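S.K.: Need the 3D shape of this:
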Amino acid sequence: MSNLIGKQVILTLKRSTICTVPKHKAFVQTLALKKVGDTRECEYTPNVHGMVKLMPYLVDVKVKG
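M.R.: Numbering: from 1, shown residues only. Model (predicted):
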């Protein structure tokens, strides 16, 4: 996924944050995802890559376009 850095991506929250690690809840909040199914378009930066890499079970990443 590091080959996506610099591209526009769509992040989708695919699972609830109930019973997850508090750090992962904070990451989801930082990515501005609130409910299951919420999506957000953003640039895939190294910061976003680090967060998504730690919680692949919560967030789905698709390339925009």
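
S.K.: Next, find the distance separating the nearest residue to residue 24 once chain neighbours are set aside from residue 4.
M.R.: Using Cβ to Cβ, 6 or more residues apart in numbering and skipping the chain neighbours, the partner closest in space to residue 24 is residue 55 (4.8 Å). (Glycine included, C-beta is placed from N, CA and C.) Separation of residue 55 from residue 4 (Cβ to Cβ, to the nearest Å) stands at 16 Å.

S.K.: Break down this protein into its strands, ranges please.
M.R.: Ranges of strands in the chain, per DSSP state E, are 8-13, 39-43, 59-63.

S.K.: What about residue 12, how many residues nearby?
M.R.: The tally of other residues near residue 12 (other Cβ atoms under 10 Å) stands at 15.

S.K.: just checking, it touches residue 60?
M.R.: Yes. Using Cβ atoms under 8 Å, residue 12 makes contact with residue 60 at a distance of 4.4 Å.

S.K.: May I have the predicted confidence score for the nearest residue to residue 10 once chain neighbours are set aside?
M.R.: Among residues not flanking residue 10 along the chain, residue 62 sits closest, at 4.8 Å (Cβ to Cβ, 6+ apart). On pLDDT, residue 62 comes in at 96.

S.K.: from memory residue 62 sits against residue 8, does it?
M.R.: No. Judged on Cβ under 8 Å, residue 62 makes no contact with residue 8 at a distance of 10.3 Å.

S.K.: Need the per-residue pLDDT for residue 19.
M.R.: We note a pLDDT of 95 for residue 19 in this prediction.

S.K.: and the residue lying closest to residue 40 once chain neighbours are set aside, bridged to which residues?
M.R.: What sits nearest to residue 40 in space, not counting adjacent residues and going by Cβ to Cβ, 6+ apart, is residue 11, at 5.0 Å. On the basis of DSSP bridges, residue 11 takes part in beta bridges with residue 40, residue 61.

S.K.: and residue 11, how many residues sit next to it?
M.R.: Residues near residue 11, counting by other Cβ under 10 Å, number 22.
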